[in-house]
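Sequence plus predicted model, see below.
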Amino acid sequence: MKKKLLICMLALGLVTSMFTACGKKTEEESTTASDASSTSSDKAKECADLIDAIYVQEWTEDTEELCKKAKECWDSLSDEEKEQVEGENADPDYFGRDTGDASNDDPRNADDIGENEILVVSFGTSFNDSRAMDIGGVEAAIEAANPDWSVRRAFTAQIIINHILARDGEKIDNVKQALDRAVDNGVKNLVVQPTHLMHGAEYDELTETLDEYEGKFENVTVAEPLLGEVGDDATVINEDKRIVAEAVVDEAVKSAGYDSLEAAESDGTAFVFMGHGTAHTAKVSYSQMATQMDKLGYKNVFIGTVEGEPEETSCENIIAAVKDAGYKNVILRPLMVVAGDHANNDMAGDEDDSWMSMFDADGSFTSINCQIEGLGRIIDIQSLYVEHVKAAIEGAGSASATDASSTDASATDAAGVPADGTYDVYFKTDSSMFKVNEACEGKGKLTVKNGEMTVHISLLSKKIVNLYPGLAADAEKDGAELLQPTTDEVAYSDGTYEDVYGFDVPVPYLDKEFDLALIGTKGVWYDHKVSVSMAE
């Protein structure tokens with residue numbers, strides 16, 4: 001009995017020892033695994049922190065080094081660790097998403113520019129294929145049409161510039177870097193072509209940056225954005241909007257496999273074009289595009305925006321409009337120059353708030369498809385940008401041509417002043433933002449009375465509120481007599497009308513530059529040089 005008890009006690013001790021040993025081993029293994037997991041998590045966090053550090057809109061002297069470190073950190077992670085990269089803006093897609101081959105893109109950041117440069121300014125995109133086809137397509141078309149000019153690129157979104165640099169090693173200039181490059185290269189004549197859709201916030205910021213370089217170039221001209229001038233309300237359309245409307249609809253219909261828009265309508269198919277949207281006053285441009293579609297008789301075409309501004313362009317309102325019209329098939333396509341993040345994610349993404357998902361969740365449609373193609377790859381759109389550049393170059397160059405012209409000797413006195421009367425004249429300025437309205441074809445009306453000359457000019461809009469015949473410094477002095485605006489109605493070639501400001505400007509002499517300062521709605525005075533020449 002005692003022997004049996006002893007054996008049982010020994011067995012119990014062995015079992016206890018085994019359990020103790022097993023428990024100790026499991027704890028050690030758990031500690032090791034925990035340490036490894038912690039190390040892995042720390043490395044992923046370090047990468048996320050670096051991505052967040054370069055996910056900014058301001059360039060600093062540390063930017064390029066931080067981009068390099070972020071990529072090196074990402075490359076050092078295991079596949080498992082890469083999946084753990086999460087930050088305020090960081091995620092595995094920042095480096096991991098395949099958006100195409102960056103080597104197909106040309107950053108157009110070379111020196112050796114020469115005296116004439118066309119700087120194509122875009123918001124930008126980190127989607128490599130879209131960048132090469134949409135932005136690159138516009139740049140290439142402009143270059144082919146202007147062999148005597150160097151075409152260079154600038155992006156306004158530093159976040160995108162940093163993303164491309166970090167992930168692909170491709171260096172794209174921001175606007176100031178591109179302008180500094182132009183100055184350093186001795187550029188004299190600079191034409192800036194924004195690929196922006198409209199005169200919105202991005203366009204305003206661009207022109208403000210250009211103001212900082214006043215006097216750095218002999219001539220600076222800013223070409224029109226894609227949709228041209230913005231009118232006061234939704235009824236104002238123009239030739240640019242017509243060209244864009246016809247081009248994007250034709251391309252969408254063709255991509256969808258239909259012979260015509262009417263055939264698509266008969267098939268119950270609606271085309272929804274998704275723009276970005278904006279709180280800027282230029283948001284009326286989207287309403288104007290809807291008006292243009294109506295004028296063209298495009299019943300099954302709808303205009304929406306990601307931001308839902310204007311309000312009627314929100315996804316919910318567009319879904320309701322398409323349903324009310326009775327269409328069962330929907331084709332979504334971006335109304336954006338580039339098919340980038342908004343097209344791939346906000347329009348065609350898998351998230352619940354993408355337009356694709358929201359149309360699907362409504363349950364009213366038989367089919368919903370996406371065409372992820374930007375406007376920039378459409379030939380007619382490229383041609384429209386080429387025409388805008390051409391108009392800008394001719395506008396800048398017309399001054400030299402008109403400077404060379406002379407007034408009829410029989411109609412002028414010894415001082416070069418014409419006889420009393422009224423005359424058509426060219427009015428030239430040193431800025432594309434300060435010029436006569438396009439409806440006036442570069443001309444004003446000169447009135448001569450008792451040997452005194454005054455030219456009446458109708459401007460682009462109501463953004464310039466006063467002029468001063470002299471320097472800005474004098475205009476700011478007490479008692480300065482400012483030129484007050486008139487309200488002029490201009491008629492465009494498409495039959496539309498617009499109210500703009502006009503001014504009666506004293507002209508000291510013809511065919512020579514004189515000072516004319518201006519102040520806009522922002523309350524800042526600027527110096528400008530203008531000249532008046534007789535029209536033939």
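Good, I have the coordinates.

in the stretch 51-200 of the chain, what spans have low per-residue confidence?
Within the stretch 51-200 of the chain, the set of residues satisfying pLDDT under 70 is empty.

just the helices in it please.
Under the criterion DSSP state H, counting those that start in this stretch, the stretch 51-200 of the chain contains helices at 63-75, 79-82, 93-96, 128-130, 136-145, 158-168, 175-184.

and residue 63, what does it touch?
54, 158, 162 (C-beta atoms under 8 Å, 6 or more residues apart in numbering). Quick note: C-beta positions are derived from backbone N, CA and C, even for glycine.

and if you look at residue 358?
Under the contact definition (C-beta under 8 Å, 6+ apart), the residues listed for residue 358 are 315-316, 319, 352.

So it versus residue 318, what's the distance?
Residue 358 sits at a distance of 9 Å from residue 318 (criterion: C-beta to C-beta, to the nearest Å).

center of this structure, which residue is that?
Centroid check for the chain by C-alpha atoms, centre = their mean gives residue 196 as the closest residue, at 3.3 Å.

my read: that one touches residue 225, true?
Yes. Residue 196 is within contact range of residue 225, at 4.5 Å (criterion: C-beta atoms under 8 Å).

Run me through the strand neighbours of the biggest strand by length in the chain, direction for each.
The longest strand of the chain (DSSP state E) is strand 497-507. Each strand that strand 497-507 pairs with, and the sense of that pairing, follows from DSSP bridges: strand 452-458 (antiparallel), strand 486-491 (antiparallel).

Pick the most buried one from these.
Per residue and on average, the most neighbours among those fall to strand 452-458, with a mean of 19 (mean count of other C-beta atoms under 10 Å).

How far away from the center of its chain is that one?
36 Å (C-alpha atoms, centre = their mean, to the nearest Å).

What lies in contact with the following helix or strand past it?
Where DSSP states H and E defines the elements, the next helix or strand beyond strand 452-458 is strand 464-468. Applying C-beta under 8 Å, 6+ apart, the set of residues contacting strand 464-468 from outside is 434, 474-475, 480-485, 501, 503, 505, 516-521, 525.

Can I get the buried part of those residues as one ChimeraX selection?
Buried members of the contacts of strand 464-468 can be picked out in ChimeraX with the line below, counting by 16 or more other C-beta atoms under 10 Å:
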select :434,475,483,485,501,503,505,516,517,518,519,520,525
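
Now, the contacts of strand 464-468 that are in helices?
Mapping these onto helices (DSSP state H) picks out 474-475.

Buried ones among the contacts of residue 63?
Among these, those buried by neighbour count (16+ other C-beta under 10 Å) are 54, 158, 162.

Show me which of those residues is closest to residue 245.
If you rank the buried ones among the contacts of residue 63 by distance to residue 245 using C-beta to C-beta, residue 158 comes first, at 32.5 Å.

Now do the closest one against residue 512, distance only.
On the measure of C-beta to C-beta, residue 158 and residue 512 end up 42 Å apart.

Just give the closest residue to residue 365, not the sequence neighbours.
residue 330 (5.3 Å; C-beta to C-beta, 6 or more residues apart in numbering).

and that neighbour, that one's in a strand?
Yes. Residue 330 forms part of a strand when assessed by DSSP: H, G, I helix; E, B strand; the rest coil.

Now for it: which residues touch it?
By C-beta under 8 Å, 6+ apart, the contact list for residue 330 reads 269-270, 272, 322, 359, 365, 367-369.

mind listing the helices in the stretch 301-450 of the chain by residue range?
Secondary structure of the stretch 301-450 of the chain by DSSP H, counting those that start in this stretch: the helices cover 315-324, 341, 355-362, 379-404.

what's in contact with stretch 293-305?
Counting by C-beta under 8 Å, 6+ apart, residues outside stretch 293-305 touching it are 237, 242, 245-246, 249, 261, 264-265, 269-278, 283, 286-287, 289-290, 313-315, 317-318, 321-322, 325, 327, 335, 355.

Residue 485 and residue 501 touch, don't they?
Yes. Taking C-beta under 8 Å as the contact criterion, residue 485 and residue 501 are neighbours in contact, 3.9 Å apart.

what do these two both touch?
Common contact partners of residue 485 and residue 501 (C-beta under 8 Å, 6+ apart): 462, 464-465.

follow-up on the earlier one: for the longest strand of the chain, what is the distance to the chain centroid?
Strand 497-507 sits 29 Å away from the centroid of its parent chain (C-alpha atoms, centre = their mean).

What's the mean pLDDT across it?
Mean pLDDT, taken over the full extent of strand 497-507, equals 95.

which residues touch it?
Where contact means C-beta under 8 Å, 6+ apart, the residues beyond strand 497-507 that reach it are 229, 231-232, 236, 437, 446, 452-462, 464-465, 467, 469, 483-492, 514, 516, 530, 532.

Quick one: work out the angle between that strand and strand 464-468.
With axes from the mean of the first three to the mean of the last three C-alpha atoms, to 10 degrees as the basis, strand 497-507 and strand 464-468 are set at 10 degrees to each other.

mind listing what's buried in strand 497-507?
By neighbour count, with 16+ other C-beta under 10 Å as the criterion, the buried positions of strand 497-507 are 498, 500-505, 507.

Residue 237: what's it in contact with?
Residue 237 touches 231, 288, 291-292, 295, 494, 496, counting by C-beta under 8 Å, 6+ apart.

now those residues in JSON lines, with secondary structure, neighbour count and distance to residue 418?
Below are the contacts of residue 237 laid out as JSON lines (DSSP: H, G, I helix; E, B strand; the rest coil; neighbours: other C-beta atoms under 10 Å; distance: C-beta to C-beta, whole Å):
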{"residue": "231", "secondary structure": "coil", "neighbour count": "22", "distance to residue 418": "36"}
{"residue": "288", "secondary structure": "helix", "neighbour count": "26", "distance to residue 418": "41"}
{"residue": "291", "secondary structure": "helix", "neighbour count": "20", "distance to residue 418": "44"}
{"residue": "292", "secondary structure": "helix", "neighbour count": "24", "distance to residue 418": "43"}
{"residue": "295", "secondary structure": "helix", "neighbour count": "14", "distance to residue 418": "43"}
{"residue": "494", "secondary structure": "coil", "neighbour count": "14", "distance to residue 418": "34"}
{"residue": "496", "secondary structure": "coil", "neighbour count": "17", "distance to residue 418": "34"}
